[in-house]
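>>> coordinates only, sequence not included:
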Ligand SMILES: O=C(O)C(=O)C[C@]1(C(=O)O)C=C[C@@H](O)C=C1
């Protein structure tokens, strides 16, 4: 005889029992995290941050590797992200500054990286985020660095030239843009569309097709655009879902970005160096000599030691109008012997080299 399908009541009973077990286990985990805090304090009584980026990356990587479904690896990793965030808050909550206002993609990146138990503080400019982290009034900062369709955020790179802060992590965020309006606004009412200029650019073709005659107004951030349309019944904003939720706006059209793979990369900045996680990146600033083949001399050791570059950007040096500096990201950690060899070789070939940091590759 075939087995009978369980009833709804039986399945719910089973779920209740599983929830009870998960609940108990999460609290057991939290107690372990509290004990970890005691060990860390005993090792270093002046400890300022209990956050361990390399360990968090390893925990998330293990979650992804052992996952057998039916839930997707990323979905389960996001749940563990929040569990770790809550456990860390028990040790001591993290203060995170980000390029605000609330509701921007940088806000979403900060929450994606640190989870919702972190205390987040919006700041008006990238310089201010650097300054607050340098001053020690927050533990870490989050700033945008490059967008897959609009390119690099030059201002962030320039801030590194004038700062001794380190990169301690990276976040990649799929950017979905939406057309938002205040409750009651209809498409026929819209005479103006506000957004940050990068977001307007990311939706250019969609806007040309759907609103060719409507005025496009660039404002300081997407979240600011969302805030403005809250009280303007004839306007719309282009912004992410976080801004729609924050300002209680209606999404008239979702996912209006021209490139469906539109991704923005953000950097986490701090003051400490991060030990190797096993899957890391390193970022450098290099000022080359003004001579033929200067870039070749910098890149050649990477080729010879079989190290993959993930990005290279050029910026004018701030102290010498005819010179350029290179921002180089590559795979590996500065503590690995083959990376050390390459870094020593490059250092001997350039005017100046600064390691911005080695940090775990984005897991989520
Ligand atoms: O392993 C640690 O060092 C912990 O503090 C525990 C834990 C975790 O919950 O797994 C919490 C915070 C750290 O950032 C890393 C991991």
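Received it, and whenever you're ready, just let me know what you need. Please read these numbers as outputs of a predicted model, since none were measured by experiment. Residues are numbered from 1 along each chain as shown.
>>> Confirm residue 107 sits in a helix?
Yes. Counting by DSSP: H, G, I helix; E, B strand; the rest coil, residue 107 falls inside a helix.
>>> For it, grab the count of nearby residues.
For residue 107, the neighbour count with other CB atoms under 10 Å is 24. Yep, even glycine has a C-beta here, placed from its N, CA and C like the rest.
>>> same check, this time on residue 302
20.
>>> That one and residue 309 touch, don't they?
Yes. Between residue 302 and residue 309 there is a contact under CB atoms under 8 Å: 5.9 Å.
>>> Now the common contact residues for those two.
Common neighbours of residue 302 and residue 309, counting by CB atoms under 8 Å, 6 or more residues apart in numbering, are residue 330.
>>> what's the average pLDDT for stretch 249-267?
The average of the pLDDT scores along stretch 249-267 is 93.
>>> what's the offset of the longest helix along the chain from the middle of its chain?
For the chain, the helix that runs over the most residues, judged by DSSP state H, is helix 8-43. Computed by CA atoms, centre = their mean, to the nearest Å, the separation of helix 8-43 from the middle of its chain amounts to 28 Å.
>>> can you list contacts of the helix or strand hosting residue 120?
According to DSSP states H and E, residue 120 maps onto strand 119-123. Residues from elsewhere that reach strand 119-123, judged by CB under 8 Å, 6+ apart: 93-102, 104, 107, 110-111, 114, 129, 132, 138.
>>> Please settle this for me: is residue 302 part of a helix?
Yes. Counting by three-state DSSP, residue 302 is part of a helix.
>>> Can you pull out the low-pLDDT segments for the stretch 201-350 of the chain?
Residue ranges of the stretch 201-350 of the chain with pLDDT under 70: 320-322.
>>> List the contacts of the helix or strand hosting residue 110.
For residue 110, the host element (DSSP H and E) is helix 105-114. Residues outside helix 105-114 that contact it (CB under 8 Å, 6+ apart) are 81, 85, 94, 96, 98-101, 118, 120, 122, 140, 142-144, 169, 171, 173, 175, 222-223, 240, 242, 264, 266, 268, 364.
>>> Kindly provide the distance from residue 300 to residue 158.
Remark: distance between residue 300 and residue 158 (CB to CB, to the nearest Å) = 27 Å.
>>> nope, residue 38 is what I was after
Counting by CB to CB, the gap from residue 38 to residue 158 is 42 Å.
>>> for the ligand, what are the nearby residues on this protein?
Counting by CB under 6 Å from any ligand atom, the residues of the chain close to the ligand are 33, 36, 50, 51, 52, 55, 56, 59, 84, 87, 88, 91.
>>> Break this protein down into its domains, please.
8-90, 94-175+263-270, 178-253, 280-360 (automatic domain parsing).
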